[in-house]
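S.K.: what would the 3D arrangement of this be:
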Amino acid sequence: MNWYLQSSETSDVAKSTRIRLARNLQDFKFNLSKKDDIERLENKIKEGLYNIGYGLRFFKLKDMDDITKMSLVEKNLISPDFVLNKNDTGSILINDEENICIMIGNEDHLEIQVFNCGLDLDNTLNLAVEIDKKIGETLGYAISKKYGYLTACPNNVGTGLRASVMVHLPALSKTKNTKKVLEAINSFGINIRGVYGENTESTGDMYQISNKQTLGITEKEIVENLNVIVEKIIKQERQARKILAKDDIALEDLIYRSYGILSHCKKISSEETRTLLSNIKLGTDLGILKELTDLKVQKLYLYTKPANLQKYVGEQYEAIERDIKRAEVIQQIMNEN
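M.R.: Down below sits the predicted model:
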């Protein structure tokens, strides 16, 4: 089962973990724009695939249909900007489990990404470092003895590491404490972003928490610092849930109203679904809503997003038709044995 359909003991708040390493190859210019240079980069990477291993396969963005590309964005495997700006020149390496996805020719030559469910920074980093070492030995990186790994953007120089955790904070939102907690986190040198990263907004009480500093600090220190912050967020959210749970009837009413709408609607937008699913997940995590399992909630999150909805049913639909089909898929997943 793919990581985005799995759960762990921290998945009630920390939904997923991502480690990203920005790398550039020696003997290549940064920010490649010429077609010949890009093809040379791709050929070198493809030649090294056998040595890299991990079941990675190579795909050009321009050879993928739009729905497939957007389904990868919705899974947070590739960024929206990558598809928007590099559609004609970008490519990816990805395995069948989709816990490894390497973007090629985005801001840097390589953006090595490893994913996991829940809060699992240490294990995710270990796998990323293992992959990174094999790629570095095979292809050769641009490295400075003074600064570390050289990157297109100065913000990534040094380790080139961006560690991030997706967190679900419905109780902090309902108790009006989200802003206070996130502002406190920001003062510790941590980025707070929307679901799809930089310049995106939070939807369904989901936030992406990541490190800012990459230079003058080790990969281990980055992960340790982020781990401490996320554990504090988890504690704050769980405390807020206890406060909400004191008013049993009001919370149960909110959760079951959301469940009722999703169970009986005839059409529903992606935006409304995100809001209602936030309440549904809260109810399932607290043990209030016993009609759904963690797996069903994970499926609802994934297969109600526009592109993955269409991949799930195997058909393409216009927006209004998607809203109708989304309602059908929701009820189909809810009623699975």
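
S.K.: going by C-alpha atoms from here, please, whenever you check contacts or count neighbours.
M.R.: Noted.

S.K.: mind checking the pLDDT average for stretch 44-62?
M.R.: For stretch 44-62, the mean pLDDT works out to 89.

S.K.: now name the helix or strand holding residue 325.
M.R.: helix 319-334 (DSSP states H and E).

S.K.: could you list every helix and strand in contact with that helix?
M.R.: Here helix 319-334 is seen to pack against helix 248-264, helix 294-303, helix 306-313 when contacts are counted using 3 or more CA pairs under 8 Å, 6 or more residues apart in numbering; DSSP states H and E.

S.K.: out of the ones you listed, which is closest to residue 55?
M.R.: Proximity to residue 55 (CA to CA) singles out helix 306-313 among these, at 22.6 Å.

S.K.: pull the distance from the closest one to the chain's centre.
M.R.: Chain-centre distance of helix 306-313: 18 Å, with CA atoms, centre = their mean, to the nearest Å.

S.K.: now do stretch 205-215
M.R.: Centroid separation for stretch 205-215 versus its chain: 12 Å, with CA atoms, centre = their mean.

S.K.: CA atoms only: put that stretch into PDB for me.
M.R.: The C-alpha trace of stretch 205-215 is given here as PDB (Å, rounded to 0.1, in the frame of the first residue of the first chain):
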ATOM      1  CA  ASP A 205      -6.800  22.900   8.400                       C
ATOM      2  CA  MET A 206      -3.700  21.400   6.800                       C
ATOM      3  CA  TYR A 207      -0.300  23.100   7.100                       C
ATOM      4  CA  GLN A 208       3.200  22.200   5.900                       C
ATOM      5  CA  ILE A 209       5.900  22.800   8.500                       C
ATOM      6  CA  SER A 210       9.500  23.000   7.300                       C
ATOM      7  CA  ASN A 211      13.000  24.200   8.200                       C
ATOM      8  CA  LYS A 212      14.300  27.600   6.900                       C
ATOM      9  CA  GLN A 213      18.100  27.200   7.600                       C
ATOM     10  CA  THR A 214      20.200  24.900   5.400                       C
ATOM     11  CA  LEU A 215      23.700  26.500   5.800                       C
END
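
S.K.: so what touches that stretch?
M.R.: 147-148, 155-170, 173, 189-197, 222, 226, 230, 275, 278 (CA atoms under 8 Å, 6 or more residues apart in numbering).

S.K.: do you know which of the helices and strands packed on helix 319-334 lies nearest residue 49?
M.R.: That would be helix 306-313 among the helices and strands packed on helix 319-334, by CA to CA, at 28.0 Å.

S.K.: quick one: list the elements packing against the closest one.
M.R.: Using 3+ CA pairs under 8 Å, 6+ apart, helix 306-313 sits against helix 66-74, helix 294-303, helix 319-334.

S.K.: with distance to residue 253 added, can I get those in TSV?
M.R.: Converted to TSV, these look like this (distance: least, CA to CA, whole Å):
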stretch	distance to residue 253
helix 66-74	30
helix 294-303	19
helix 319-334	19
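
S.K.: for residue 243, find the nearest of those helices.
M.R.: helix 294-303 (22.8 Å).

S.K.: residues contacting that closest one, please?
M.R.: 4-7, 74-75, 274, 277, 280-281, 284-285, 308-309, 312, 329-330, 333-334.

S.K.: among the residues you listed, name the buried ones.
M.R.: 4-7, 74-75, 274, 277, 280-281, 284-285, 308-309, 329-330, 333-334 (16 or more other CA atoms under 10 Å).

S.K.: where do the helices sit along the stretch 51-200 of the chain?
M.R.: Along the stretch 51-200 of the chain, counting by DSSP state H, counting those that start in this stretch, helices occupy 66-74, 80-86, 121-139, 170-174, 178-186.
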